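Visitor: Let me see the structure of the following:
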Amino acid sequence: MNRGLVIFSHGKESGPWGTKITALAAVAARRGFAAESIDYTDLADPEDRVLRLRERCAGKGAPLVLVGSSMGGYVAAAASRAVKPAGLFLMAPAVRLPGYAEQDPVPHAGKTYVVHGWHDEVIPLENVVRFARQNRARLFLVDGNHGLAGRLPFIEELFGLFLDSLYGQE
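Guide: Predicted structure coming up:
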């Protein structure tokens, strides 16, 4: 059964199959989703990454779910305007930061979840709370830092519930 395609966008300092993406791809597979992770390591500019994601999504027939962490969260949110995925799952998204073309990317997705650490040392908590409030996204604050690695079991469970909710199994 193929329920759709999950496309992952990694952060500025990480790679396409890091710990979080590998774990969440396994969650997606158990729920019948195919998974891809885009390699952005050759692109430093977030807008170039947005273009790559939009190109990768073009012509995909399956329902799409975009997942992004840090800069990848910004990339997924900004690309969602053109892609219009069924779901958007953002972890510590880089919103309202200097150097990004869109300070407040507006998600265009059927459902948006945001996970952020109370102790994030890179993305200010206030930026993410404001983003979630403005866009009526479900916001989950966890006792973690920017990498969220210590919260991975919770994020895996939440991601599974998120995917289930896209099909009314919530």
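Visitor: Quick one: low-confidence residue ranges for the chain.
Guide: Along the chain, segments meeting pLDDT under 70 span 1, 168-170.
Visitor: ranges for the helices of this structure?
Guide: For the chain, the helices defined by DSSP state H occupy 19-30, 46-57, 71-83, 125-135, 152-165.
Visitor: Buried deepest among those, which one?
Guide: For these, average neighbour numbers computed from mean count of other Cβ atoms under 10 Å are highest in helix 71-83, which has a mean of 26. Where C-beta positions appear, they are placed from N, C-alpha and C, glycine not excepted.
Visitor: Identify the residues contacting it?
Guide: With Cβ atoms under 8 Å, 6 or more residues apart in numbering as the test, helix 71-83 has contacts from 8-12, 40, 46-47, 49-50, 53-54, 57, 64, 66-68, 88, 90-95, 97, 100-102, 105-109, 114.
Visitor: Can you give me the distance of the closest residue to residue 102 other than its chain neighbours to residue 103?
Guide: Leaving aside its chain neighbours, residue 102 sits nearest to residue 78 (5.4 Å; criterion: Cβ to Cβ, 6 or more residues apart in numbering). Distance, residue 78 to residue 103, using Cβ to Cβ, to the nearest Å: 11 Å.
Visitor: pretty sure residue 12 is touching residue 69, no?
Guide: No. Here residue 12 does not reach residue 69: they are 9.7 Å apart, not a contact under Cβ atoms under 8 Å.
Visitor: So those two - more neighbours on which side?
Guide: residue 69 (30 against 18; other Cβ atoms under 10 Å).
Visitor: follow-up on the earlier one: give me the buried entries from the contacts of helix 71-83.
Guide: Listed as buried from the contacts of helix 71-83 are 8-12, 40, 46, 49-50, 53-54, 57, 64, 66-68, 88, 90-95, 100, 105, 107-109, 114; burial here means 16 or more other Cβ atoms under 10 Å.
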